[in-house]
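*Asks:* Let me see the structure of the following:
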Amino acid sequence: MVEKMILVLLSLVLLTNGTNLFKPDHIFGHLCMKGLGFSIQDVSLTPWPPSSGDSSELKVSGMFEQDVFVDMSRIGLKHWAESSWLYNYQFVNTTFTSGQIESFSLNIIWPEKKGFHTVNFNLLNDSPIACWELTFYLA
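*Replies:* Got it, this is the predicted structure:
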């Protein structure tokens with residue numbers, strides 16, 4: 001009886017909390033920092049789930065909360081057992097106005113190394129303007 005209750009509760013948790021986590025084209029990670037000037041409203045990673053050696057497109061959309069200059073967007077990838085990040089940069093060099101809605105896209109080439117990885121997205125000038133992160137298992 002207790003085992004059935006645990007199974008039912010686990011199923012409910014997955015249905016209510018996990019449904020958006022495993023859609024093929026839409027992934028929810030978490031914000032690393034808030035209130036930096038760009039409010040992230042949507043993140044998609046396509047295709048999902050990733051495969052070793054393949055590539056995906058990360059698209060981050062949101063609204064600028066203040067007038068701000070964006071120097072570059074950056075995506076980082078790190079295997080959990082390593083201390084260094086691999087980065088891909090895209091220069092933006094644009095000033096955005098408060099209330100402006102914008103999307104930023106970057107490609108990721110997934111490593112051959114299987115295991116837990118963290119993907120990190122940033123908009124940067126002298127300091128971070130936005131930060132989003134996702135940790136997942138690459139099979």
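
*Asks:* ranges for the strands of the chain?
*Replies:* For the chain, strands defined by DSSP state E occupy the ranges 30-33, 38-46, 55-64, 68-79, 86-96, 101-109, 115-124, 128-138.

*Asks:* Counting by contacts, list what the first one packs against.
*Replies:* Helices and strands touching strand 30-33, as assessed by 3 or more Cβ pairs under 8 Å, 6 or more residues apart in numbering; DSSP states H and E, comprise strand 128-138. All C-beta spots, glycine's among them, are computed from the backbone N, C-alpha and C.

*Asks:* The strand it packs on pairs with which strands?
*Replies:* Sheet pairing for strand 128-138, assigned by DSSP bridges, gives strand 30-33 (antiparallel), strand 115-124 (antiparallel).

*Asks:* contacting residues around that strand?
*Replies:* The contact list for strand 128-138, computed with Cβ atoms under 8 Å, 6 or more residues apart in numbering, reads 27-33, 36-40, 43, 45, 49-50, 52, 60, 62, 68, 70, 80, 110-111, 113-123.
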